[in-house]
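Student: Return atomic coordinates for the entry below.
(2 chains)
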Amino acid sequence: MSTSTVTPPQPRTKQPNGTRFVNWASNYIDERTSISGAVKELGRKIFPDHWSFMLGEVALYSFIVILLSGTFLTLFFQASMAEVEYEGAYVPLKGVEMSVAMASTLDISFEIRGGLLMRQIHHWAALLFVASIGLHMLRVFFTGAFRKPRELNWVVGFILFILAMAEGFTGYSLPDDLLSGNGLRIIDGMVKGIPLIGTWISYLLFGGEFPGTDIVGRLYMLHIMVLPALVIAAIGIHMVLLIVNKHTQFAAPGRTNENVVGTPILPVFAAKAGGFFFLVFGVITLIAATVTINPIWNYGPYDPSPISAGTQPDWYIGFADGALRLIPPGWEFTIPWFTGGALTVSMNILVPIIVLGLFIVVVMFYPFFESWLTGDKREHHIADRPRNAPTRTAIGAAGVTFYAALWAAASSDLIATHFKLAVEHVTWGIQAMAVLGPFVAYWVTKRICLGLQKKDREIALHGYESGRIVRMPGGEYIEVHKPLSEYERWRLVSYTDYKPLMVRPNAEGKIGFWENVRGALSRWFFEDRIAPVTQKELESGHGHH
Amino acid sequence: MASDHGVVPSSGSAPVLPERPAGTAVISPDAIQNPGFPPERERVTDKDPAKAKRAERVVVSLFLLSIIGSVLAIAAYIAFPIHEGDLMSVRLNTLFFGLGVALALLAIGLGAVHWSKALMQGHDLVEYRHETRGSDATRARAVEIFQQANEESGFGRRKLLRNTLIGALAVSPLPAVVLLRDLAPAEDPVPLLKHTMWDEGVRLVLDPTGTPIRAADVTLGSAFHVIPEGLNEMHHGRLEEKAKAAVLLMRLKPEDLQVSPGREDWNYDGIVAYSKICTHVGCPVALYEQQTHHLLCPCHQSQFDIKREAAVIFGPAKRPLPQLPITVDDEGYLVARSDFTEPVGPSFWEREL
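Tutor: Numbering: from 1, shown residues only, chains lettered A, B, ... in the order given. The predicted model follows:
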């Protein structure tokens, strides 16, 4: 419309309007923010490519979907436990007493166009959020991507996993329906089982006796304010550390511990990742449009008396619920107290809480354990293939098996009915799996890893089987092995190899207790190592075939 | 590409990171050397302009398809309104609006990814890593700044000043903790947990109708969900009371019941009432197996044997379900003889039994 008085107007042929606007806007913003520095630093940052690196992206994008859909839901949801008689559109519940929270959730589902879709997008995205975080963590664990300098980012990621579960639980408790109310009842029972403070914590949490009229409002505050703020802050730290540390990459020819090979943020990575966001969003929407989730109208409002058989929490709470189910009868005792009464100690609740707590602590601090064990202070940017760290991979498999056992236990009743078994037998089976399964998984996984490593060695040294059988002049049949190219071979031979720690006396001629422990653990870890092929082996190996 | 800040096409030599202790890692002098980058492979769209043109058309079509999806979603929002009470209208609205949005999103995603993979410059680039820690000079300067601050403030030197500050900071959140006391009412929770609405003469009524129950109507093998009379009429605290007072009523043959001393008159002619709230974590123990007289909690599968005073026979619960002593009143209706004689529901520290 008007031309700047300072810059003389330029002929249209030289600078199209669009370019002129972009130039003007970039200059305007940079003069006020110095943003060109950020573009210079980040614009051509390199991201390596591998399908497994997308798992963390799925988590990030489903979180954005959760924020978007959740914001819509807050426009209509009312976090009040005041009792009303339902007069909404869902006929079977007309006239039923329920809380305003439940009634407004039904209104969102049955009276707001797109409301049910948004609820289902929100719920499906939440399930995907926790699932993708879990898979992302497994990827990081099994490839050793938690090693220096990324130990702290592992901890931040782990906190995100916990926060995501807390977000999920507070979220599905909000509609105040029968299923979620029973979930809260279980939480109440668990809290009451904590010695000394449990009764009071429950009393304060629920604002009086269970269920009270406060809990939905309080969970809502946590769900839409405190927890999201913490999640966003943790994601921020996670991303900043990702940029500072740069991404790991898998071994490949030309890739070293000193470089990062891949596509630049602008334009390729941005296009791929941006496109991927829309794919994740689109898939969640497609599922939400076609598959019902959490049909609270089938459960009805919360009432402490009824319950439906086969109740299941959302999948990520399953392991905790399963842990409760696996405790054998009788794990509770009282201790006499000098007032004449007795104090009740509920081991049937404390043991699951302690075991889950320990499990979490072990997973969270594993990177520091491995770093202490190896004493390796170098930075590691090449992701391990799981087989090349057999003991770590076996420990991971043991952990996964333990988690899977607890998770399966949360469905013990459904497993029993589906497979026509007695629920007692299913429970005993899963109890055995939780205790013995990790050891079996450890042993099997370690053997498989060592086997794969040996196979890799064999292929690296002698080439792969070509399938071509040749008859030698003497009548002998042999299969021709084709040698690998040096590029193919590199993937098989380039991995960090550790040997067991040789415990040595210190300056005073003593061997400390912890040094002995470290030596023993190090033997356990690295005794069965398969060393990578060396140049010499390769040269002598070539002559054989 | 000088403008690319350390990013170079796949060539050139890498900087060497400083040596750090490798612990028990084996560093073999005879390790096989990295062969370097393999020759680049061109994509069909690099070699054949027709293929590139085709890829471009695909991407354009996808973006156009996305616009169509958005328009369809808006059209579906209008074309499939929700009619009150008509579940099918909700279903159609959700489905078609959702499908339109999904199409719009998926087409953008597919288009952008295809564009990046088929048409954008596809060669890998290399960026060098530097050690994460700051350079020695930066670290030295950081230490210097802290020392300077320490000196200028006297933080390390004036120990009393520092320690009182730490003390004040540590104590200052305590009022905030105290502030949380009124999250719950002033009264002590423990007595509340030990009493329910049941009392001498309170009638047993059906949940949820509130109909009183005649002993004669409780046939052998039946099970009723029961609440105390008056509960339904409560305006405040109804669910809290129900969460403690819910009861299951069953009739067994009197000779099938094992009755312990002191409980002889707690059942009425084989009719027994037990708390429905699980002694594990408080779910309703709602599943009754008529043949075995076992109660099963659907949450964590604790099982209670009604023949043996609801003793735990399986699952994580420890204590039997508390029994409600019952009898009949003059009119033949079932009534409670008293409250439960022990706290119902999940265990808690101050339970004292």
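Student: hey, let's count contacts and neighbours off CA atoms from now on
Tutor: Noted.
Student: Tell me which stretches of the stretch 151-300 of chain B form helices.
Tutor: Secondary structure of the stretch 151-300 of chain B by DSSP state H, counting those that start in this stretch: the helices cover B:159-171, B:174-179, B:189-193, B:238-245.
Student: Contacts for the longest one, please.
Tutor: Defining contact as CA atoms under 8 Å, 6 or more residues apart in numbering or on different chains, one finds that helix B:159-171 is touched by B:Phe155, B:Gly156.
Student: how far does that helix sit from the chain's center?
Tutor: 40 Å (CA atoms, centre = their mean, to the nearest Å).
Student: Helix or strand: which one has A:Lys415?
Tutor: Heads up, residue A:415 is Ile, not Lys. helix A:412-418 (DSSP states H and E).
Student: Same question for A:Trp524.
Tutor: helix A:513-526.
Student: again, but for A:Ile187
Tutor: Element membership of A:Ile187, judged by DSSP H and E, is helix A:178-192.
Student: now what about the helix holding A:Ile415, what contacts it?
Tutor: Contacts of helix A:412-418 (CA under 8 Å, 6+ apart): A:Gly310, A:Leu421, A:Ala422, A:Val423, A:Val426, A:Thr427, B:Pro298, B:Gln301.
Student: try 7 Å this time
Tutor: With contact meaning CA atoms under 7 Å, 6 or more residues apart in numbering or on different chains, helix A:412-418 is reached by A:Gly310, A:Ala422, A:Val423, A:Val426, A:Thr427.
Student: again with stretch B:268-283
Tutor: Under CA under 7 Å, 6+ apart, the answer for stretch B:268-283 is A:182, A:185-186, A:189-190, B:244, B:246-254, B:284-286, B:297, B:299, B:316-317, B:319, B:321-324, B:326-327, B:344-347.
Student: Filter those residues down to the buried ones.
Tutor: When the contacts of stretch B:268-283 are checked for burial by 16 or more other CA atoms under 10 Å in any protein chain shown, the buried set is A:182, A:185-186, A:189-190, B:244, B:246-252, B:284-286, B:297, B:299, B:316-317, B:319, B:321-324, B:326-327, B:344-347.
Student: Of those, which belong to strands?
Tutor: Within the buried ones among the contacts of stretch B:268-283, residues falling in strands by DSSP state E are B:Val247, B:Leu248, B:Leu249, B:Met250, B:Arg251, B:Gln323, B:Leu324, B:Ile326, B:Thr327.
Student: For the third one, give its distance to A:Gly254.
Tutor: B:Leu249 is 76 Å from A:Gly254, where distance means CA to CA, to the nearest Å.
Student: do the same with the last one
Tutor: Distance, B:Thr327 to A:Gly254, using CA to CA: 87 Å.
Student: ditto for the fourth one
Tutor: Separation of B:Met250 from A:Gly254 (CA to CA): 77 Å.
Student: Around residue 45, count how many other residues there are.
Tutor: Answering for chain A, as no chain was given. Residues lying near A:Lys45 (other CA atoms under 10 Å in any protein chain shown) number 24.
Student: that's the wrong chain, I meant chain B
Tutor: A count of nearby residues for B:Thr45, using other CA under 10 Å, gives 18.
Student: Look through chain B and tell me its longest helix.
Tutor: helix B:49-79 (DSSP state H).
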